[in-house]
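Engineer: sequence-free structure coming up:
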């Protein structure tokens with residue numbers, strides 16, 4: 001059977017959803033590992049990553065079940081959810097790739113001010129204190145702050161050094177997966193309209 005037929009489309013859709021399952025398990029595992037070893041103390045960050053992983057796992061599981069059973073309803077909802085995810089992810093990826101330096105700095109400062117736990121994680125990891133200024137009369141989790149004569153760099157100076165590269169990486173990864181999602185939508189639409197070769201004349205309906 002040539003590729004593009006029932007079996008080929010089914011196998012391609014199953015393989016795509018298995019990839020999504022692996023990625024979702026990786027997200028959940030990395031978040032749990034970071035929390036377990038104390039690399040990330042912010043509960044909101046860990047919960048957010050695990051939530052994304054669980055959502056992706058559920059969507060992939062629905063798509064996998066629909067592909068294996070050729071279930072029209074499951075495939076329809078899978079295609080609908082994947083279309084919405086594609087639109088959101090494609091938009092966010094393009095935004096990451098087009099942010100200028102001033103916009104990057106503004107977003108970094110907004111994210112910095114939202115969580116004290118995240119601030120401590122960044123200070124400890126990057127060995128810096130404060131976002132734009134260092135206040136030696138306050139507390140700081142950086143090793144440089146606990147030295148006899150503390151002299152620390154601001155976190156904004158360090159973060160801004162590689163923020164552009166991180167955004168390019170995140171935007172590129174997001175674009176890659178957004179194209180796999182539109183591929184999944186196309187495969188699902190095609191698969192829903194294909195008749196199983198060994199089924200009866202009324203099985204498709």
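Structural biologist: Perfect, I can see it now. Because the structure is a prediction, the values reported are computed rather than measured. Numbering: from 1, shown residues only.
Engineer: buried residues of the longest helix seen in the chain, list them for me.
Structural biologist: Using DSSP state H to define each element, the chain has its longest helix at helix 155-192. Buried residues in helix 155-192, counted by 16 or more other C-beta atoms under 10 Å: 155-156, 159, 163, 167, 171, 174-175, 177-178, 181, 184-185, 187-188, 191-192. For glycine as for every other residue, the C-beta is placed from the backbone atoms N, C-alpha and C.
Engineer: nearest residue to the residue most central in space within the chain other than its sequence neighbours?
Structural biologist: In the chain, the residue lying closest to the centroid (C-alpha atoms, centre = their mean) is residue 52, at 6.6 Å. Distances taken as C-beta to C-beta, 6 or more residues apart in numbering put residue 27 closest to residue 52, at 6.0 Å, once the chain neighbours are dropped.
Engineer: now the helices for the protein?
Structural biologist: So, for the chain - with DSSP H - the helices run 6-36, 43-69, 72-98, 101-114, 116-126, 155-192.
Engineer: quick one, the last one and helix 116-126 angle?
Structural biologist: This points to helix 155-192. 110 degrees (axes from the mean of the first three to the mean of the last three C-alpha atoms, to 10 degrees).
Engineer: quick check: mean pLDDT of helix 155-192?
Structural biologist: Across helix 155-192, pLDDT averages out at 84.
Engineer: and if you look at the third one?
Structural biologist: Averaging the model's pLDDT scores along helix 72-98 yields 90.
Engineer: show me what counts as buried in that helix.
Structural biologist: Quick answer for helix 72-98 (16+ other C-beta under 10 Å): 74-75, 78-79, 81-83, 85-86, 89-90, 93, 96.
Engineer: so what does that helix touch, helix or strand wise?
Structural biologist: helix 43-69, helix 155-192 (3 or more C-beta pairs under 8 Å, 6 or more residues apart in numbering; DSSP states H and E).
Engineer: picking up where we left off before, which pLDDT does the model give the residue nearest to residue 52?
Structural biologist: Per-residue confidence (pLDDT) for residue 27: 84.
Engineer: show me the contacts for it.
Structural biologist: Taking C-beta atoms under 8 Å, 6 or more residues apart in numbering as the criterion, residue 27 is in contact with 49, 50, 52, 53, 56.
Engineer: give me the neighbour count for the last one.
Structural biologist: Using other C-beta atoms under 10 Å, residue 56 has 20 other residues around it.
Engineer: same question, the second one
Structural biologist: When neighbours are counted by other C-beta under 10 Å, residue 50 registers 18.
Engineer: show me the contacts for the nearest residue to it once chain neighbours are set aside.
Structural biologist: Nearest in space to residue 50, with sequence neighbours left out and distances taken as C-beta to C-beta, 6+ apart, is residue 31 at 4.8 Å. Contacts for residue 31 (C-beta under 8 Å, 6+ apart) come out as 40, 46, 49, 50, 53.
Engineer: same question, residue 17
Structural biologist: Taking C-beta under 8 Å, 6+ apart, one finds 60, 61, 63, 64, 67, 184 in contact with residue 17.
Engineer: cool, residue 108 as well?
Structural biologist: Here residue 108 is in contact with 131, 156, 159, 160, 163 (C-beta under 8 Å, 6+ apart).
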